[in-house]
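*Asks:* Here's my sequence, what's the structure:
(chains A and B)
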Protein chains: 2
Amino acid sequence: MPALIEISDPVDPRIDMYREIRERDLVGRKGLFVAEGKVVVEKLTDSAHHHPLSLLIASKRVEALQPIIARLASDVPVYVAAQPVIDAIAGFSMHRGILAIGRRTTVMAADDLLAACEDRAMVLVLSGIANHDNLGGIFRNAAAFGADAVLLDGDCCDPLYRKAIRVSVGATLLVPFARIVRQENMIDLLERHAFSPVALSPTGADLLSDWRPGPRTAVLLGAEGPGLSAKIIGRTRSVRIAMSGGFDSLNVATTSGIVLHHIASVPPK
Amino acid sequence: MPALIEISDPVDPRIDMYREIRERDLVGRKGLFVAEGKVVVEKLTDSAHHHPLSLLIASKRVEALQPIIARLASDVPVYVAAQPVIDAIAGFSMHRGILAIGRRTTVMAADDLLAACEDRAMVLVLSGIANHDNLGGIFRNAAAFGADAVLLDGDCCDPLYRKAIRVSVGATLLVPFARIVRQENMIDLLERHAFSPVALSPTGADLLSDWRPGPRTAVLLGAEGPGLSAKIIGRTRSVRIAMSGGFDSLNVATTSGIVLHHIASVPPK
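*Replies:* This is a model prediction of the structure:
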């Protein structure tokens, strides 16, 4: 278990990575990211794909957070500061009282991630999801319904951005994900690994409720508004969610939840 | 069609109600609220339960918004201002370029709203949903799947708060809603109108996918975390959504989408 390191000066260089975290994004800097809040930091300490570099905890919360601290390797520094010092470091009122810097340790290519899936598997493939709330919401559903992986095209935002991690309740630290490189055709990639793609679209040919997943299924989701490109939809089975007339508008994270619940509830083909 | 009224001075008293809208909430002030963005203002002009008191539009958007303006009664003032003047009035960058002040015209008691439902009907009953994103998301799903009404207990936030309207994509202006008064027992109220209550709970007795709705169904949803009170669950059928082990955490708006899709997809009892 690591020793606790008292921080009393907000400009102490040891906690530089925690400074003004609202204003910037550590991602891209050597695969580093910020995790905030008890539940999310717990997920970080449990994760097979990431590990904590350090923690910053409000003094008054040290006792309550002892189980998390006890789980850490002894070389992970745990900085402890009074609440006003933490607020001054972070640049806003960090009422959650616990932050961690994490590092991504497993980076897999999309091909390798799909190849590593079981014979029965289900992955999500996201195109142009540039909103952190939606991306976080989709990962949360992916974890809740046991998706095996999430693939992201080049127009999706980063699952390790602070807000995406928070909204996902830490799911972006648990569900394996990979980027699809820009030169790669998404459908070719999926077919190479025997994943049957199904595209969600308001103009989908079949009703979601009539569709049954195959042994290896890839669920394709595009951004609200533009949706998936006609080129992608033209090469896949497409399904729609039956909606009431006059207001056919669903949030993409909600859509992912509906599809994942359907897959979890119906017998496979 | 109303005439356009040019506003060049951000402190012009005629547009007082649009001032600093981010910082305050008009709701409670005679049932007034702020609608923002083209889609939401369209819903306001279509709504049977609310009507627009005035609009404020960026000069550069007047032409594109002509169809909305043309639909208005001639006594609804349409204020037009240059973008910098609008930004100064609203107190932030109003890139959507269209705002409206609306007034709620139909306020029904929960009893009357339930009594007015058809013999086959489905309503949502919300307990302690205090987050505007979640409340807006639930209303969006209620509209998408044709719920007949939404009932809210005293611990829910206001569906006519600006952010709730925006997140709902205007659905809070379309789906009829009513407050349950604090003295009223929610279950007694529903039973009085022959609505069968079903409570969503992670510890629900049955799987959602095995449950079939009756002719008049009321879906009960509580806040993430606390959930519904044991007192409520004890008096209702309770169902759970099957989830993957280790991460049994769903957002309440996503939950509402999953339940509503299930109801829309299965044959009723």
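
*Asks:* so who does the residue in the stretch 1-150 of chain A positioned nearest to chain B touch?
*Replies:* Per CB to the nearest CB, the residue of the stretch 1-150 of chain A with the smallest distance to chain B is A:Gly146, at 3.2 Å. (C-beta placed from N, C-alpha, C; glycine too.) By CB atoms under 8 Å, 6 or more residues apart in numbering or on different chains, A:Gly146 lies in contact with A:Met122, A:Ala264, B:Met243, B:Ser244, B:Gly245.

*Asks:* Closest to A:Glu6 out of those residues?
*Replies:* Checking the contacts of A:Gly146 against A:Glu6 with CB to CB, the nearest one is B:Gly245 at 39.0 Å.

*Asks:* Just give the closest residue to the closest one, not the sequence neighbours.
*Replies:* A:Gly146 (7.9 Å; CB to CB, 6 or more residues apart in numbering or on different chains).

*Asks:* can you check A:Gly214 too?
*Replies:* A:Ser196 (4.5 Å).

*Asks:* who does that neighbour bridge with?
*Replies:* A:Thr217 (DSSP bridges).

*Asks:* Distance of the residue nearest to B:Gly245 relative to B:Ile69?
*Replies:* Counting by CB to CB, to the nearest Å, the gap from A:Gly146 to B:Ile69 is 50 Å.

*Asks:* swap in A:Ile98?
*Replies:* 51 Å.

*Asks:* between these two, who's got more neighbours?
*Replies:* Per other CB atoms under 10 Å in any protein chain shown, whichever of A:Ile98 and B:Ile69 has more neighbours is A:Ile98, with 24 against 20.

*Asks:* from memory the more buried one sits against A:Lys60, does it?
*Replies:* No. Using CB atoms under 8 Å, A:Ile98 is not in contact with A:Lys60, being 11.1 Å away.

*Asks:* Now list whatever residues contact both of these two.
*Replies:* Contacts common to A:Ile98 and A:Lys60, judged by CB under 8 Å, 6+ apart, are absent.

*Asks:* quick one: contacts for the residue of the stretch 151-269 of chain A found nearest chain B?
*Replies:* At 3.2 Å from chain B, A:Ser244 is the closest residue in the stretch 151-269 of chain A, using CB to the nearest CB. By CB under 8 Å, 6+ apart, A:Ser244 lies in contact with B:Ala143, B:Ala144, B:Phe145, B:Gly146.

*Asks:* With adjacent residues omitted, what lies nearest to the first one?
*Replies:* Sequence neighbours aside, B:Ala171 is the residue nearest to B:Ala143 in space, at 3.7 Å (criterion: CB to CB, 6+ apart).

*Asks:* Tell me, how many residues neighbour the one you found?
*Replies:* Count around B:Ala171 with other CB under 10 Å applied: 26.

*Asks:* Surely it touches B:Phe145?
*Replies:* No. Using CB under 8 Å, B:Ala171 makes no contact with B:Phe145, being 10.7 Å away.

*Asks:* Quick one: name the residues of chain A near chain B.
*Replies:* By CB under 8 Å from any CB of the partner chain, the residues of chain A that approach chain B are A:133, A:137, A:140-141, A:143-146, A:169, A:171, A:174, A:207-209, A:241-245, A:247-251, A:253-255, A:257-258, A:261-262, A:264-265.

*Asks:* The same query, at a cut-off of 6 Å, please.
*Replies:* Selection of chain A residues close to chain B by CB under 6 Å from any CB of the partner chain yields A:143-146, A:169, A:209, A:242-244, A:247, A:249-250, A:254, A:257-258, A:261, A:264-265.

*Asks:* could you measure the residue nearest in space to the middle of chain A against B:Asn131, distance?
*Replies:* With distances taken as CA atoms, centre = their mean, the residue of chain A nearest its centroid is A:Thr172 (2.4 Å). A:Thr172 is 21 Å from B:Asn131, where distance means CB to CB.

*Asks:* Check A:Ile187 too.
*Replies:* Taking CB to CB, one finds A:Ile187 at 38 Å from B:Asn131.

*Asks:* Likewise for A:Glu20?
*Replies:* Separation of A:Glu20 from B:Asn131 (CB to CB) stands at 26 Å.

*Asks:* Give me the more crowded residue out of those two.
*Replies:* Shown here are A:Glu20 and B:Asn131; by other CB under 10 Å, B:Asn131 has more neighbours (19 against 10).

*Asks:* Run a quick neighbour tally on the residue nearest to that one when sequence neighbours are not counted.
*Replies:* Of all residues not flanking B:Asn131 in the chain, B:Cys157 sits nearest, at 7.0 Å (CB to CB, 6+ apart). By other CB under 10 Å, 19 other residues sit near B:Cys157.

*Asks:* try A:Leu32
*Replies:* 16.

*Asks:* who does it bridge with?
*Replies:* Here A:Leu32, judged by DSSP bridges, has bridge partners A:Arg103.

*Asks:* returning to what we had before: need the pLDDT of the residue nearest to B:Ala143.
*Replies:* For B:Ala171, the pLDDT comes out at 96.
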